[in-house]
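Participant: no FASTA, just this:
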């Protein structure tokens, strides 16, 4: 079964690029440009993994993670945060907000696919234990 990944980023060029990388990695990819669209897609599409940019104009990736927790979806899928703001504070906040991984933007395709594979493998192993 092909994993479904939701990728959220306000930058259309970056959405296209990451979607291309993930599709080449044989994943099913859905994209959203903002937090409200992402929340609707999570409800309708039930992704296996979420990758989100942190810095977005209306609401941040951190806001998205908080909304996921509020709606009771926390822990249903791994979250990978992406950001061009590669500071210790940002990385620590990403883990505190429920992220399993933090990646600096831009990221190399091979690294992205390795992190996605690792997150999905870990999620499947946890699900098998429950």
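Facilitator: Arrived safely. Keep in mind it's a predicted model, so treat the numbers as computed, not measured.

Participant: CA atoms for contacts and neighbours, from now on please.
Facilitator: Will do.

Participant: correct me, but residue 22 touches residue 16?
Facilitator: No - under the criterion of C-alpha atoms under 8 Å, residue 22 is not in contact with residue 16, lying 10.0 Å apart.

Participant: could you check which of the two is surrounded by more residues?
Facilitator: Between residue 22 and residue 16, counted using other C-alpha atoms under 10 Å, the more crowded position is residue 22 (19 against 13).

Participant: residues in contact with the lengthiest helix in the chain?
Facilitator: Longest helix in the chain, counting residues (DSSP state H): helix 109-129. The contact list for helix 109-129 (C-alpha atoms under 8 Å, 6 or more residues apart in numbering) reads 18, 21, 22, 25, 48, 49, 77, 78, 100, 101.

Participant: return the set of buried residues in it.
Facilitator: Using 16 or more other C-alpha atoms under 10 Å as the test for burial, helix 109-129 gives 109, 112, 113, 115, 116, 119, 120, 123.

Participant: residue 56: which of the residues you listed is nearest?
Facilitator: Of all those, residue 112 has the smallest distance to residue 56: 20.1 Å, by C-alpha to C-alpha.

Participant: what's the separation between the closest one and residue 128?
Facilitator: 24 Å (C-alpha to C-alpha, to the nearest Å).

Participant: check residue 6 too.
Facilitator: 22 Å.

Participant: what do you get for residue 66?
Facilitator: When residue 66 is compared with residue 128 (using C-alpha to C-alpha), they lie 26 Å apart.

Participant: packing partners for whichever strand or helix holds residue 20?
Facilitator: Under the criterion of DSSP states H and E, residue 20 resides in helix 12-24. Applying 3 or more C-alpha pairs under 8 Å, 6 or more residues apart in numbering; DSSP states H and E, one finds that helix 12-24 makes contact with strand 4-8, strand 28-32, helix 109-129.

Participant: if we go to 7 Å?
Facilitator: Packing partners of helix 12-24 (3 or more C-alpha pairs under 7 Å, 6 or more residues apart in numbering; DSSP states H and E): strand 28-32.

Participant: what residues sit buried inside the helix or strand that the strand it packs on is followed by?
Facilitator: Downstream of strand 28-32, the first helix or strand assigned by DSSP H and E is helix 35-45. Across helix 35-45, burial judged by 16+ other C-alpha under 10 Å covers 35, 38, 39, 41, 42.
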